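>>> Let me see the structure of the following:
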Amino acid sequence: MSVRGLKRLTGEFAVEKAQEYTDLALTPLQNSVILNGVLLKNIELANGITEVPHKLGREPIGWLIVGKDATADIWDSQATNARKRITLLLNSSADVVVSLWIF
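Just a heads-up that it's a prediction; the model follows:
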């Protein structure tokens, strides 16, 4: 929903100016691709490749590790993933539990 769609004509200059400034402030946030994501908690990655359902309903733009319970290098194999719209192929150098922000 657009912030602009929430504006109401009130006849009050101050109220309408506040709505305009709010719109200017919030529109960039609404258009931010990184904010349009899904948090996946406690994903168990085995040493090697793990297929992780990402629940976005579209191909991801990127992902971030937001929590990790052990030392492990993690990288993706999305270039070879035939199911990008529904999964991430993640490689891990060790068994680890992670939380991911997928966007």
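
>>> how many other residues sit next to residue 57?
8 (other C-beta atoms under 10 Å). C-beta here means a position set from N, CA and C on the backbone, and glycine is covered the same way.

>>> quick one: contacts for it?
Residue 57 makes contacts with residue 85, as judged by C-beta atoms under 8 Å, 6 or more residues apart in numbering.

>>> And it, how close does it get to residue 71?
33 Å (C-beta to C-beta, to the nearest Å).

>>> The nearest residue to residue 69 once chain neighbours are set aside in helix, strand or coil?
Leaving aside its chain neighbours, residue 69 sits nearest to residue 97 (4.6 Å; criterion: C-beta to C-beta, 6 or more residues apart in numbering). Assigned with DSSP: H, G, I helix; E, B strand; the rest coil, residue 97 falls in the strand class.

>>> and what of residue 43?
At residue 43 the chain is in strand, as set by three-state DSSP.

>>> Need the pLDDT of the nearest residue to residue 99 once chain neighbours are set aside.
Excluding its sequence neighbours, the residue lying closest to residue 99 (C-beta to C-beta, 6+ apart) is residue 67, at 3.7 Å. Per-residue pLDDT puts residue 67 at 98.

>>> secondary structure element for residue 67?
Assessed by DSSP states H and E, residue 67 sits inside strand 63-68.

>>> Could you do residue 25 as well?
If you go by DSSP H and E, residue 25 is part of helix 13-30.

>>> now that helix: mean pLDDT?
For helix 13-30, mean pLDDT is 87.

>>> next one: that helix to chain centre, how far?
Offset of helix 13-30 from its chain centre (C-alpha atoms, centre = their mean, to the nearest Å): 25 Å.

>>> Can you list the buried residues in that helix?
By neighbour count with 16 or more other C-beta atoms under 10 Å, helix 13-30 contains the buried residues 19, 23.

>>> how does the chain divide into domains?
1-31, 38-102 (automatic domain parsing).

>>> which one of the ones you listed has the lowest average pLDDT?
domain 1-31 - the lowest mean pLDDT of the domains of the chain, at a mean of 78.

>>> Now do the buried residues in the helix or strand containing residue 89.
Using DSSP H and E, residue 89 maps to strand 87-92. The neighbour-count check on strand 87-92 (16+ other C-beta under 10 Å) flags 87-90, 92 as buried.
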